[in-house]
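Asks: need a 3D model of the sequence below.
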Amino acid sequence: MPKRQSTNKKGKQSNFAKLSIFQPNKYKFKKTCPLSVKGAPEVDYKNIKLLKKYVSENGKILPSRITNVSQKKQRELSLSIKRARNLALI
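Replies: Residues are numbered from 1 along each chain as shown. Below is the predicted model of the structure:
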């Protein structure tokens with residue numbers, strides 16, 4: 001029986017390198033924090049309508065990678081949510 005020849009020789013690219021998901025993303029855009037823009041509502045434990053947007057159905061605080069909230073505002077948000085829970089506002 002003849003030996004099988006290797007398809008991935010030194011001069012050739014593998015199929016994985018040709019796929020677009022392995023190519024670097026050319027179009028990176030920066031997501032803006034919805035609580036840091038001009039005219040954004042103030043994060044406060046009394047603002048229940050705002051806090052409910054950042055809490056899941058089970059009552060857990062949503063992570064900033066999902067909500068696009070900055071790190072500083074995420075800390076304020078989590079503190080406000082915990083205060084509102086403690087006072088039974090949520």
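Asks: what about Lys38, helix or strand, and which?
Replies: Assigned by DSSP states H and E, Lys38 belongs to neither a helix nor a strand.
Asks: so in this structure, which helix runs the longest?
Replies: When the chain is parsed with DSSP state H, its longest helix is helix 71-86.
Asks: what's the average pLDDT for it?
Replies: Helix 71-86 comes out with an average pLDDT of 96.
Asks: enumerate the positions of that helix that are buried.
Replies: For helix 71-86, burial by neighbour count (16 or more other C-beta atoms under 10 Å) applies to Lys73, Gln74, Leu77, Ser78, Ser80, Ile81, Ala84. All C-beta atoms are positioned from the backbone trio N, CA, C, and that covers glycine.
Asks: next one: that helix to chain centre, how far?
Replies: Helix 71-86 sits 18 Å away from the centroid of its parent chain (C-alpha atoms, centre = their mean, to the nearest Å).
Asks: again with stretch 48-64
Replies: Distance, centroid of stretch 48-64 to centroid of chain: 14 Å (C-alpha atoms, centre = their mean).
Asks: for it, how far is the first residue from the last?
Replies: One end of stretch 48-64 to the other measures 18 Å (C-alpha to C-alpha, to the nearest Å).
Asks: average pLDDT for it?
Replies: Computed over stretch 48-64, the average pLDDT equals 94.
Asks: need the residues that contact it.
Replies: 41, 43-45, 67, 69-71, 74, 77-78, 80-81, 84-85, 89-90 (C-beta atoms under 8 Å, 6 or more residues apart in numbering).
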